[in-house]
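A.B. asks: Got a sequence here, can you model it:
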Amino acid sequence: MQPVTRVEGRAYPWGAKNIDTDVIIPAHWLKTITRSGLGRGAFETVRKQPGNIFDDPRYVGAPILIAGDNFGCGSSREHAAWALADMGIRAVIAPSFSDIFSGNAFKNGIVPVVLPQAAIDRLLVAAQDGEVTVDLETMTATTAYQDRFPFHLDAFRRQCLMEGLDEVGLTLARDTAISKFEGAMARHRPWIEGRSRYAGVAVEGGRRT
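C.D. replies: This is a model prediction of the structure:
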């Protein structure tokens, strides 16, 4: 996972509420076992509508999505986060998120930023002709017009995002401690690895020699 400390650029000023994961990535895209290419299916039903925001040349490739309340509701498919990441989105700003989607976003290097509706309304206007910045160091979302909106993020998740640590990365970061623990277990409880404490010791008359 790539570290995320600052996401800046154009933002999709969408603002739609109650967007479920089936809208983010339709079910027929779930047959794949890879993440690559899922961006092509992101918001497929929305993109079928003429003049949709995702095909607007002003916003194509934007790394930020501004959405409405309850973003990511519905099924728990992690493909939704994969699709957003594959289309280049690194931060989603909304008044609230589904808990499962928020967790999946975090695990895939996407920053879920929660802001009140008043801030979302202002961002929707400012993003139409200016850039937006999400800064994890200052914990603020700002616009080119000097708007500054502080947000909260769980300290552990913030650290993982900034250091680029997913669950695999967190495990590998403890490699030394894990190796020491496994070595101690092998010495004191060899039967766990299928070995006997007395392997290689000769036995006569039922006694070790």
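A.B. asks: Grab the nearest non-local neighbour of residue 144.
C.D. replies: Leaving aside its sequence neighbours, residue 144 sits nearest to residue 130 (C-beta to C-beta, 6 or more residues apart in numbering; 3.6 Å). The way it works is simple: take the backbone N, C-alpha and C, and place the C-beta from them, glycine included.
A.B. asks: which residue sits closest to residue 70 in space, ignoring its chain neighbours?
C.D. replies: Nearest residue to residue 70, sequence neighbours excluded (C-beta to C-beta, 6+ apart): residue 18, at 4.8 Å.
A.B. asks: returning to what we had before: counting neighbours, what do you get for the residue nearest to residue 144?
C.D. replies: With neighbours defined by other C-beta atoms under 10 Å, the count for residue 130 comes to 13.
A.B. asks: go on, the one 10 residues further on?
C.D. replies: Neighbours of residue 140 under the rule other C-beta under 10 Å: 15.
A.B. asks: give the contact list for it.
C.D. replies: Residue 140 is in contact with 134, 148-151, counting by C-beta atoms under 8 Å, 6 or more residues apart in numbering.
A.B. asks: Scan those and report the most crowded one.
C.D. replies: residue 134 (26 neighbours).
A.B. asks: Specify the beta-bridge partners of it.
C.D. replies: Residue 134 has the following beta-bridge partners by DSSP bridges: residue 7, residue 141.
A.B. asks: can you pull the pLDDT of it?
C.D. replies: If you check residue 134, the pLDDT there is 98.
A.B. asks: Do I have it right that it meets residue 91?
C.D. replies: Yes. Residue 134 is in contact with residue 91 according to C-beta atoms under 8 Å; the separation is 4.4 Å.
A.B. asks: Give the intersection of the neighbour lists for these two.
C.D. replies: Taking C-beta under 8 Å, 6+ apart as the criterion, residue 134 and residue 91 both touch 7, 64, 111, 113.
A.B. asks: Just the CA atoms of the longest helix anywhere in the chain, as CSV, please.
C.D. replies: With DSSP state H setting the assignment, residue counts place helix 175-188 as the longest helix in the chain. Extracted in CSV, the C-alpha atoms of helix 175-188 (Å, rounded to 0.1, in the frame of the first residue of the first chain):
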residue,chain,number,x,y,z
ASP,A,175,8.9,-9.9,11.8
THR,A,176,11.7,-9.8,14.4
ALA,A,177,9.3,-10.2,17.3
ILE,A,178,7.4,-13.0,15.5
SER,A,179,10.7,-14.9,14.8
LYS,A,180,11.8,-14.6,18.4
PHE,A,181,8.4,-15.9,19.6
GLU,A,182,8.5,-18.9,17.1
GLY,A,183,12.0,-19.7,18.2
ALA,A,184,11.0,-19.8,21.9
MET,A,185,8.0,-21.9,21.1
ALA,A,186,10.2,-24.4,19.2
ARG,A,187,12.5,-24.8,22.1
HIS,A,188,9.9,-25.1,24.9
